[in-house]
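Trainee: attaching a predicted model along with its sequence, questions to come.
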Amino acid sequence: MLAGVLFDDDFNVLKAALIPIGVVVERSTFIAHTNSNKFMLRDDVWNATGVRDVTADIAAAMP
């Protein structure tokens with residue numbers, strides 16, 4: 001599970017989601033020169049199967 005959070009310039013929560021590892025693996029790209037994977041948290045991720053929008057929960061926990 002990956003927790004992804006997008007913030008605005010003042011560090012207010014714009015969007016947050018819990019993303020299953022299967023979605024992360026499916027949407028990741030291998031980068032050979034760094035021997036790593038890149039995952040971009042795009043708007044369409046929130047529509048993927050199994051993704052849970054936790055924006056309200058995270059925003060409520062912020063002071």
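Mentor: Nice, thanks for sending it over.
Trainee: contacts for stretch 21-39?
Mentor: Applying C-beta atoms under 8 Å, 6 or more residues apart in numbering, the contact partners of stretch 21-39 are 1-2, 40, 45, 48-51. No exception for glycine: its C-beta is placed from N, CA and C like everyone else's.
Trainee: buried subset of the residues you listed?
Mentor: 45, 51 (16 or more other C-beta atoms under 10 Å).
Trainee: that's a strand at Trp46, yeah?
Mentor: No: counting by DSSP: H, G, I helix; E, B strand; the rest coil, Trp46 is not part of a strand but helix.
Trainee: so it touches Ala17, yeah?
Mentor: Yes: with contacts counted by C-beta atoms under 8 Å, Trp46 reaches Ala17, the gap being 5.8 Å.
Trainee: which neighbours do those two share?
Mentor: Asp53.
Trainee: which one's more surrounded, those two?
Mentor: Neighbour count, other C-beta atoms under 10 Å: between Trp46 and Ala17, Ala17 has more, with 20 against 16.
Trainee: let me see the contact set for the more buried one.
Mentor: So Ala17 contacts 3-4, 41, 45-46, 51-55 (C-beta under 8 Å, 6+ apart).
Trainee: surely it is in a strand?
Mentor: Yes: under three-state DSSP, Ala17 sits within a strand.
Trainee: pLDDT-wise, which helix or strand of the chain ranks last?
Mentor: When the helices and strands of the chain are scored by mean pLDDT, DSSP states H and E, helix 55-61 comes last with a mean of 92.
Trainee: which strands and helices lie in contact with it?
Mentor: Judged by 3 or more C-beta pairs under 8 Å, 6 or more residues apart in numbering; DSSP states H and E, helix 55-61 is in contact with strand 13-19.
Trainee: what's the following helix or strand after the strand it packs on?
Mentor: helix 21-27 (DSSP states H and E).
Trainee: for Asn35, give its distance to Ala17.
Mentor: 27 Å (C-beta to C-beta, to the nearest Å).
Trainee: pretty sure Leu14 is touching Asp43, no?
Mentor: No: judged on C-beta under 8 Å, Leu14 makes no contact with Asp43 at a distance of 10.6 Å.
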